[in-house]
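Engineer: need a 3D model of the sequence below.
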Amino acid sequence: MASILDPLVDKQGGIKKSANWYRNNVQSMADKFTARKLMNQGRLLGLPSGGRLNMFFYDPKGKKKLPYYDTFPLVLPLESIKGGFMGMNFHYLPYMLRFKLLERMQKFSTGGFDRMTRFDANYDDVKKIGLVRPTIKKYLYNHVQSRFLRIDFDEAVLAAYLPVQQFKKAGTSKVWSDSRRMI
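Structural biologist: Model (predicted):
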């Protein structure tokens, strides 16, 4: 099934581009990207796809106690936990830092730059990377509100630049400011 990101992947031509290229091209098509449109486009799975980024709708268990949370996270699962998984939610970083983190994560990729490439990392592998600190979150399966949208490796940077984060109880500027302080 075709992906909503295919026009940008085709335009990229399989070549790694600059952060500005990704930002400009995603922003030029931003009106076409909504959380609902992304979820309706395909590759939905019942469980998160290990080694790949995943998007899904989420309603956190402890949301009353949280200062803020993302109801449409972009997560790279790292480990299983009881009743769910722990992963890196890239939405907690501003766009340029998302790009930098993806660049750092390439050393954990299985090679290539295509749909078959995967990230092969766990929490112990990434915990000392400063950019990772604000992204680590736990997700419980019984609070997932949708299926999981798999984001293939060749779409990872494009997905990271999509303005689809859905923070509740705080705006992106507050979340990103707090994240910068944690790094």
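
Engineer: going by C-alpha atoms from here, please, whenever you check contacts or count neighbours.
Structural biologist: Fine.

Engineer: now do residue 124: how many residues are near it, please.
Structural biologist: For residue 124, the count of nearby residues is 9 (other CA atoms under 10 Å).

Engineer: the chain should start at 70 in everything you say after this.
Structural biologist: Happy to do that; since the first residue is 70 now, the last one works out to residue 193.

Engineer: what sits against it?
Structural biologist: Residues near residue 193 by CA atoms under 8 Å, 6 or more residues apart in numbering: none.

Engineer: can you classify the nearest residue to residue 182 once chain neighbours are set aside by secondary structure?
Structural biologist: Spatially, and ignoring its direct neighbours in sequence, residue 182 is nearest to residue 223 (5.7 Å; CA to CA, 6 or more residues apart in numbering). Classification of residue 223 using DSSP: H, G, I helix; E, B strand; the rest coil returns helix.

Engineer: check what pLDDT residue 223 gets.
Structural biologist: Listed pLDDT for residue 223 reads 82.

Engineer: please apply the same query to residue 249.
Structural biologist: 98.

Engineer: likewise for residue 76?
Structural biologist: For residue 76, pLDDT reads 50.

Engineer: now residue 220: how far from residue 187?
Structural biologist: Taking CA to CA, to the nearest Å as the measure, residue 220 falls 10 Å from residue 187.

Engineer: the one helix or strand residue 173 maps to: which residues count as buried?
Structural biologist: Taking DSSP states H and E as the definition, residue 173 sits inside helix 164-174. Neighbour counts over helix 164-174 (16 or more other CA atoms under 10 Å) mark 164, 166, 167, 168, 170, 171, 174 as buried.
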